[in-house]
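1. Provided below for reference: sequence and predicted model.
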Amino acid sequence: MSWGTLHRVLLAGSTAAVLSLPAVAQERSTVGINTSTMDEQALQGIQQPRPYSPYAGRNFPTRPFFGDTHLHTGMSMDAGAAGARLMPQDAYRFAKGEELMASSGQQVKLSRPLDFLVVADHSDNMGFFPQLLSGAPSSLADPTGRKWYNMVQSGKGMEAALEIVNSFSDGSFPKDLLSMPGASVYRSAWEDTIEAAEAANEPGRFTAFIGYEWTSNSGGNNLHRNVIYRDGGSYARQMEPMVTLAPWGSDNPRDLWAWMEDYEAKTGGDVLAIAHNGNLSNGRMFPRIESFTGEPIDAAYAEGRARWEPLYEVTQMKGDGEAHPFLSPNDEFADYETWDKGNLVLSEAKTQDMLEFEYARSALKNGLALAPELGTNPYKFGLIGSTDSHTGLATAEEDNFFGKVSSMEPGPERVKRPFMKQGDLQIMEWEVTASGYAAVWAAENTREAIFDAMERREAYATTGSRMIVRFFGGWDYTPEDAQSRLPAETGYTKGVPMGGDLSAAPEGRAPTFLVAALKDPIGANLDRIQIIKGWVDANGEEQEKVHDVVWGDADERQPSTDGKLPVVGSTVDVAEATWTNTIGDPELIAVWTDPDFDASQRAFYYARVIEIPTPRWNAYDAKFYGLTLPDEVVMTTQERAYTSPIWYTPED
């Protein structure tokens with residue numbers, strides 16, 4: 001199948017208006033006929049043959065929408081202190097494709113507009129920094145407030161930002177400076193956030209979600225969640241956001257879930273939460289033992305987490321959270337953008353025993369093991385990426401990277417400076433990752449359609465590339481389906497999409513998977529598609545295996561006797577910060593059958609799509625500014641996508 005053919009297949013029918021997702025694709029047409037009062041025999045007599053057009057009557061999601069569910073503006077206290085002057089309305093304008101002036105005074109524009117955006121400013125102290133920056137008397141009357149104000153004015157905003165974050169972590173933030181629910185400053189900031197989203201939202205063209213970040217950070221250990229509303233402002237105004245600081249709120253995720261339940265009960269609305277950066281939680285993000293109680297997680301925890309957190313943000317600027325080489329030593333791609341030095345503020349060094357409870361793959365495996373005991377799989381989540389940019393700019397492309405914070409916007413010194421330093425622990429600015437985006441398969445570009453796709457986990461993560469990825473699981477896919485003119489229709493008809501559950505296993509059958517990927521139109525060719533399987537074996541032990549299922553340059557590279565696929569090679573010219581698409585393939589598609597399936601064992605499967613090597617953002621900086629960088633600075637990358645898993649559960 002040609003690249004152009006697959007491109008048309010994956011994107012065709014993008015104007016479909018049906019929002020529900022049926023189990024199978026429509027086979028015959030009854031368009032224009034009122035069937036509600038007819039019995040089955042009469043209905044069979046008038047059904048029409050399938051229309052000639054293979055795209056008529058489609059009732060499944062036909063295109064992915066790319067967006068960012070995690071963007072901060074100057075409304076967030078740390079972003080503002082670090083130099084962000086763009087506000088929510090600016091962030092939406094930029095995501096829509098407008099050219100703006102960044103906080104550093106540089107012109108900036110996306111290569112292509114995004115389809116949706118969530119401005120997720122921190123709920124704690126929302127609106128505090130605009131007050132401080134304006135020199136409000138109430139801010140300057142406090143000695144610490146005046147100190148922070150002077151630091152910002154003298155160009156030490158990043159130092160001020162770290163002090164602000166640390167003071168929140170250790171409980172020393174001055175009470176007179178707080179902006180919390182019930183206060184006029186807080187109400188005004190939340191209203192500004194809502195109004196910006198309402199003004200930017202254009203159903204069918206661009207989706208602006210209302211949202212915020214609940215920033216649990218006890219002891220500097222990251223348990224952050226982004227809360228996203230399906231609803232408009234009339235709902236969101238009825239309850240101010242949940243915060244972490246007592247007595248206004250709590251830093252325990254159970255209390256956030258209780259707030260979400262109260263919100264839905266009071267308003268009739270719908271919200272979900274997305275956790276991120278387990279890699280900076282020091283073993284607390286995916287617990288078996290709750291850090292708040294010291295006790296094993298129970299059924300209520302499992303049910304709450306499964307109910308309210310259908311997705312996990314697996315990649316972003318503070319590192320990648322799919323897998324870790326210590327946990328997956330046989331996975332040659334596990335050591336990708338790894339941040340494993342300590343917790344969020346580097347106040348506690350990382351130890352290896354923490355890693356199991358920080359990374360998505362190990363959490364998915366632990367979820368399988370916990371499900372029989374708790375009655376619910378607490379870690380049955382889909383995967384997305386987002387930026388966590390604190391600049392108001394959703395820039396995740398390597399050649400257009402405006403940094404994690406505004407003090408890190410492009411300049412010749414940023415690859416040489418520490419991003420964070422605490423005692424002997426240090427993260428350099430060059431280690432910050434240009435990642436990522438969320439891709440969501442939906443029927444149309446509206447709050448309702450995209451939110452519903454998130455809830456059913458029909459989504460995938462990318463590290464910044466806008467490759468198109470399909471992943472289906474069932475029992476009846478055949479190799480011929482990979483040659484189909486309509487693989488998506490085959491995928492939905494014979495099975496379930498990413499985020500779904502396989503049906504009961506037919507006797508003697510193994511699950512089959514249809515996976516397809518198309519390169520980003522302005523990006524790199526594809527190296528390979530892998531399917532990662534996790535399962536619990538007959539001895540109760542958690543297992544995993546990475547399968548290469550289809551790859552580029554297949555006529556030139558084949559697995560060796562040990563099953564390992566040769567590397568794709570590299571065309572990167574680091575000095576010129578460029579590459580050529582003379583290796584890899586523009587599209588890949590295959591049907592794969594699990595060769596080791598055991599119908600009695602719980603399992604999950606997800607696809608990982610990997611591009612050929614390309615220049616990392618450091619290489620673009622070196623070229624633009626004429627820099628010679630130290631050897632430890634990483635100059636190339638292999639962008640990737642991670643699909644939401646498909647789960648198999650034995651009948652008993």
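-> Sure, I can see it. Numbering: from 1, shown residues only.
2. residue contacts, Asp176?
-> By Cβ atoms under 8 Å, 6 or more residues apart in numbering, the contact list for Asp176 reads 138, 141-142, 145. No exception for glycine: its C-beta is placed from N, CA and C like everyone else's.
3. tabulate those in CSV, adding columns for pLDDT, neighbour count and distance to Glu489.
-> Listed next are the contacts of Asp176 as CSV, based on pLDDT from 0 to 100; neighbours: other Cβ atoms under 10 Å; distance: Cβ to Cβ, whole Å:
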residue, pLDDT, neighbour count, distance to Glu489
Ser138, 84, 12, 61
Ala141, 89, 11, 66
Asp142, 89, 16, 63
Gly145, 89, 20, 60
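4. would you reformat those residues as TSV and include distance to Thr493 and secondary structure?
-> Listed next are these as TSV, based on distance: Cβ to Cβ, whole Å; DSSP: H, G, I helix; E, B strand; the rest coil:
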residue	distance to Thr493	secondary structure
Ser138	62	helix
Ala141	67	coil
Asp142	64	coil
Gly145	62	helix
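5. tabulate these (JSON lines), appending distance to Pro54.
-> Converted to JSON lines, these look like this (distance: Cβ to Cβ, whole Å):
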{"residue": "Ser138", "distance to Pro54": "65"}
{"residue": "Ala141", "distance to Pro54": "69"}
{"residue": "Asp142", "distance to Pro54": "67"}
{"residue": "Gly145", "distance to Pro54": "64"}
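6. which among those gets closest to Ala79?
-> Gly145 (17.5 Å; Cβ to Cβ).
7. pretty sure the closest one sits against Phe173.
-> No. With contacts counted by Cβ atoms under 8 Å, Gly145 stays clear of Phe173, the gap being 10.4 Å.
8. show me the helices in the stretch 351-500 of the chain, by range?
-> Here the stretch 351-500 of the chain has its helices, by DSSP state H, counting those that start in this stretch, at 360-374, 447-455, 487-494.
9. who wins for proximity to Tyr229 among those helices?
-> Of all the helices of the stretch 351-500 of the chain, helix 447-455 comes closest under Cβ to Cβ, at 8.1 Å.
10. centre of the chain to that closest one, how far?
-> 14 Å (Cα atoms, centre = their mean, to the nearest Å).
11. show me what that helix is packed against.
-> strand 207-209, strand 271-276, strand 437-442 (3 or more Cβ pairs under 8 Å, 6 or more residues apart in numbering; DSSP states H and E).
12. so that helix versus strand 271-276, what angle?
-> 50 degrees (axes from the mean of the first three to the mean of the last three Cα atoms, to 10 degrees).
13. and helix 447-455, average pLDDT?
-> Averaged across helix 447-455, pLDDT comes to 98.
14. any idea of the pLDDT on Asn34?
-> pLDDT at Asn34 comes out at 43.
15. next: His7.
-> So His7 comes in at 52 (pLDDT).
16. same check, this time on Met77
-> 88.
17. which residues touch it?
-> With contact taken as Cβ under 8 Å, 6+ apart, Met77 is in contact with 122, 124-126, 128-129, 161, 164.
18. circling back to that earlier point, wait, which of the helices of the stretch 351-500 of the chain is closest to Glu429?
-> helix 360-374 (25.4 Å).
19. what's the closest one packed up against?
-> Checked by 3+ Cβ pairs under 8 Å, 6+ apart, helix 360-374 has helix 299-308, strand 311-316, strand 526-536, strand 542-551, strand 603-611 packed alongside it.
20. go with 6 Å
-> If contacts are counted by 3 or more Cβ pairs under 6 Å, 6 or more residues apart in numbering; DSSP states H and E, helix 360-374 sits against strand 526-536.
21. next, the angle from the strand it packs on to strand 603-611.
-> 160 degrees.
22. contacting residues around strand 526-536?
-> Outside strand 526-536, the residues within contact range by Cβ atoms under 6 Å, 6 or more residues apart in numbering are 364-365, 368-369, 515, 517, 519, 542-552, 568, 584-585, 588, 592, 601-612.
23. now those residues: which count as buried?
-> With burial judged by 16 or more other Cβ atoms under 10 Å, the buried subset of the contacts of strand 526-536 is 364-365, 368-369, 515, 517, 519, 542, 544, 546-552, 568, 584-585, 588, 592, 601-612.
24. how about the contacts of Met77 in JSON lines, adding pLDDT and neighbour count?
-> What follows is the contacts of Met77, written out as JSON lines (pLDDT from 0 to 100; neighbours: other Cβ atoms under 10 Å):
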{"residue": "His122", "pLDDT": "97", "neighbour count": "26"}
{"residue": "Asp124", "pLDDT": "94", "neighbour count": "29"}
{"residue": "Asn125", "pLDDT": "91", "neighbour count": "28"}
{"residue": "Met126", "pLDDT": "94", "neighbour count": "28"}
{"residue": "Phe128", "pLDDT": "87", "neighbour count": "28"}
{"residue": "Phe129", "pLDDT": "86", "neighbour count": "31"}
{"residue": "Ala161", "pLDDT": "79", "neighbour count": "27"}
{"residue": "Ile164", "pLDDT": "80", "neighbour count": "24"}
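25. sort out for me which of these are in helices.
-> 128-129, 161, 164 (DSSP state H).
26. now the two most distant members of these.
-> Phe128 and Ala161 (12.1 Å).
27. what sits against Tyr263?
-> Taking Cβ under 6 Å, 6+ apart as the test, what Tyr263 contacts is 239, 271.
28. how much space between it and Leu272?
-> Tyr263 sits 11 Å away from Leu272, going by Cβ to Cβ, to the nearest Å.
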